[in-house]
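*Asks:* Below are the sequence and a predicted model; questions follow.
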Amino acid sequence: MADTLTIIDNRTGQQYDIPIEQGTIRAMDLRKIRASPDDFGLMTYDPAFQNTAACRSRITFIDGDKGILLYRGYPIEQLAEQSTFLETAYLILFDELPTKAQLDQWTLDITLHTMLHENIKKLMDGFQYDAHPMGIFLTTVGALSTIYSDAKRVHDEDGRRLQILRLIAKVPSIAAYAYRHSIGRPYIYPDNDLSFTGNFLNMLFKMTELKYQPNPVLERALDVLFILHADHEQNCSTSVMRGIGSSQADPYSALAGAAAALYGPLHGGANEAVLRMLKEIGTIANVPAFIKKVKGGSDRLMGFGHRVYKSYDPRARIIKQTADQVFEVTGRNPYLDIALELERIALEDEYFVSRRLYPNVDFYSGLIYQAMGFPVDMFPVLFAIPRTAGWLAQWDEMLRDPDQKIARPRQIYIGAGARDYVPRDKRG
Ligand SMILES: CC(C)(COP(=O)(O)OP(=O)(O)OC[C@H]1O[C@@H](n2cnc3c(N)ncnc32)[C@H](O)[C@@H]1OP(=O)(O)O)[C@@H](O)C(=O)NCCC(=O)NCCS
């Protein structure tokens, strides 16, 4: 017999058998629970979607209790050690690791789309000299929809693949231009002889040399960080990507919205917030007083806690190892000692232990980015580049899914009942 949940409505005495599939009941099955014929039917109240599955997905699996993260079944630790970002992006998008021939073609296709339309440069020139690069990034990604009007054909599979190539290839160029704009340096065109991350470093940091040579340790470290950030199932920005995409808007507009969601300090802005927090703490001696403030509720330990992980975030563990390799090249980030002390105290403290708050991906990533020479306000942009692969995979999956429709949550109305308009001279 199939698994069912039996609900007895005390108002009517009626019994309902609700099927359970994959540990889930369908919210629409609750609708038939009605006290009277004019009753709308039972709904669930789930602010912030803490216990609601909005889709079935084959892309990313997380076990938050055990600290497991898999992309298409492959453990994040193995991908971080053996794969590259472009190969992982292919896996996330197309369900399988590419053959050698597929990977070569994919890499070539991406490389051929790295250039930006010259009008985009003019658009970026219009931003204030000190504009936040994430603001420039999300605006410019959205503006691409005005250049690629063919992107509106979201039900055309080949068309979707073309937009996916364009977006993955162009987001590093947009990010680098945003950075160069914010520091008043000329834009650097892509160098297609270099790897995905090598070229990105070139567009960011090239000065007058004829050919930029990325440091191989930093190039690989950035690639590993990109692998770790490529997807994370139904987080805030991915839900926005799916939500906007569900209205059949083009992927550039949807991705601009997803990037906007990522911008917030509780999401992709957290690594930026971690660095600001470490700077504010200043010295190891101030760590206990800061922890006291956090426990008192007047501050948050940024880079700690996660909606899904209730144990050590597996990405944070990998990032900690990557940090050691980067610091060998760049020198040790002076904030590392403060971060290690915060982690040491927090992992022993009852406040954090009882709430199951552990370091998340953002706790150490900012330290690496800073040591590599990135200014703090580039951090969320560095998150957005690899997450573009995940957003697009989720968008593509959503469009193929016959269960999906335009996203439209319900509400519980708690405002005033119907009442007559009060003329202005009669208001109290
Ligand atoms: C990620 C985050 C938004 C998840 O939030 P959430 O699932 O809604 O969890 P809650 O805010 O309900 O937190 C549960 C409890 O832990 C506390 N808590 C959560 N994160 C905390 C943090 N970073 N520092 C201090 N306390 C924290 C909350 O105050 C709450 O305590 P309470 O039960 O006494 O009220 C949250 O942990 C956070 O703000 N972390 C810092 C920002 C960050 O690093 N974000 C990056 C995520 S990858």
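*Replies:* Structure's in. What do you need? Numbers count the residues shown, from 1 in each chain.
*Asks:* Identify the residue nearest His232 in space, chain neighbours excluded?
*Replies:* Distances taken as C-beta to C-beta, 6 or more residues apart in numbering put Thr60 closest to His232, at 6.3 Å, once the chain neighbours are dropped. C-betas here are computed from N, CA, C, even on glycine.
*Asks:* Just to check, that neighbour is in contact with Gly390?
*Replies:* Yes: applying C-beta atoms under 8 Å, one finds Thr60 in contact with Gly390, separated by 7.3 Å.
*Asks:* Now the common contact residues for those two.
*Replies:* When contacts are counted by C-beta atoms under 8 Å, 6 or more residues apart in numbering, Thr60 and Gly390 are jointly contacted by Ile92, Asp231, His232.
*Asks:* Would you mind measuring from the second one to His113?
*Replies:* Think Asp231. Distance from Asp231 to His113, counting by C-beta to C-beta, to the nearest Å: 21 Å.
*Asks:* more neighbours, these two?
*Replies:* Remark: of Asp231 and His113, Asp231 carries more neighbours, 27 against 17, as counted by other C-beta atoms under 10 Å.
*Asks:* quick one, phi/psi of that one?
*Replies:* When read as degrees, to the nearest 10, the backbone of Asp231 gives phi -160, psi 160.
*Asks:* Closest residue of the stretch 1-150 of the chain to the ligand?
*Replies:* Closest to the ligand within the stretch 1-150 of the chain is Ala48: 6.7 Å, counting by C-beta to the nearest ligand atom.
*Asks:* Just the pLDDT at that residue, thanks.
*Replies:* Per-residue confidence (pLDDT) for Ala48: 95.
*Asks:* Tell me where this structure has strands.
*Replies:* Remark: strands assigned in the chain by DSSP state E are 4-8, 15-19, 60-63, 68-71, 74-75.
*Asks:* Put together TSV for the ones you listed, with mean neighbour count and mean pLDDT on each row.
*Replies:* Below are these laid out as TSV (neighbours: other C-beta atoms under 10 Å; pLDDT from 0 to 100):
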stretch	mean neighbour count	mean pLDDT
strand 4-8	11	97
strand 15-19	13	97
strand 60-63	18	97
strand 68-71	20	97
strand 74-75	16	98
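*Asks:* What residues does the closest residue to the ligand within the chain make contact with?
*Replies:* Closest approach between the chain and the ligand, counting by C-beta to the nearest ligand atom: Gly305, at 2.4 Å. By C-beta under 8 Å, 6+ apart, the residues touching Gly305 are Arg355, Leu357, Tyr358, Asn360.
*Asks:* Out of the residues you listed, which is nearest to Gln15?
*Replies:* Arg355 (38.8 Å; C-beta to C-beta).
*Asks:* next one: phi and psi at that closest one?
*Replies:* phi -90, psi 0.
*Asks:* per-residue confidence at Tyr312?
*Replies:* 88.
*Asks:* can you check Met1 too?
*Replies:* Met1 is given a pLDDT of 59.
*Asks:* if we can go back for a sec, can I get the buried part of the contacts of Gly305 as one PyMOL selection?
*Replies:* Buried residues within those, by 16 or more other C-beta atoms under 10 Å, are selected in PyMOL with:
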select buried, resi 357+358+360
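*Asks:* my guess is Leu367 contacts Asp337, does it?
*Replies:* No: counting by C-beta under 8 Å, Leu367 sits too far from Asp337 to count as a contact (10.4 Å).
*Asks:* More neighbours: the two, which one.
*Replies:* Neighbours of Leu367 and Asp337, each counted by other C-beta under 10 Å, are more numerous for Leu367; the result is 26 against 14.
*Asks:* What about Leu162, how many residues nearby?
*Replies:* Around Leu162 there are 17 residues (other C-beta under 10 Å).
*Asks:* show me what contacts it?
*Replies:* Asp150.
*Asks:* How far does the helix ranked longest in the chain sit from its chain's centre?
*Replies:* As assigned by DSSP state H, the longest helix anywhere in the chain is helix 157-182. Centroid separation between helix 157-182 and its chain, computed with C-alpha atoms, centre = their mean, to the nearest Å, is 16 Å.
*Asks:* likewise stretch 132-139?
*Replies:* Put simply, stretch 132-139 sits 15 Å off its chain's centre (C-alpha atoms, centre = their mean).
*Asks:* Give me the nearest residue to Arg72, chain neighbours excluded.
*Replies:* Per C-beta to C-beta, 6+ apart, closest to Arg72 is Leu91, 5.4 Å.
*Asks:* what about that neighbour, distance to Phe196?
*Replies:* From Leu91 over to Phe196 the distance is 15 Å, taken as C-beta to C-beta.
*Asks:* go on, Leu162?
*Replies:* Counting by C-beta to C-beta - Leu162 and Phe196 are separated by 18 Å.
*Asks:* and stretch 359-376 with the ligand, contact?
*Replies:* Yes: under the criterion of C-beta under 6 Å from any ligand atom, the ligand is reached by stretch 359-376 at Asn360, Val361, Asp362.
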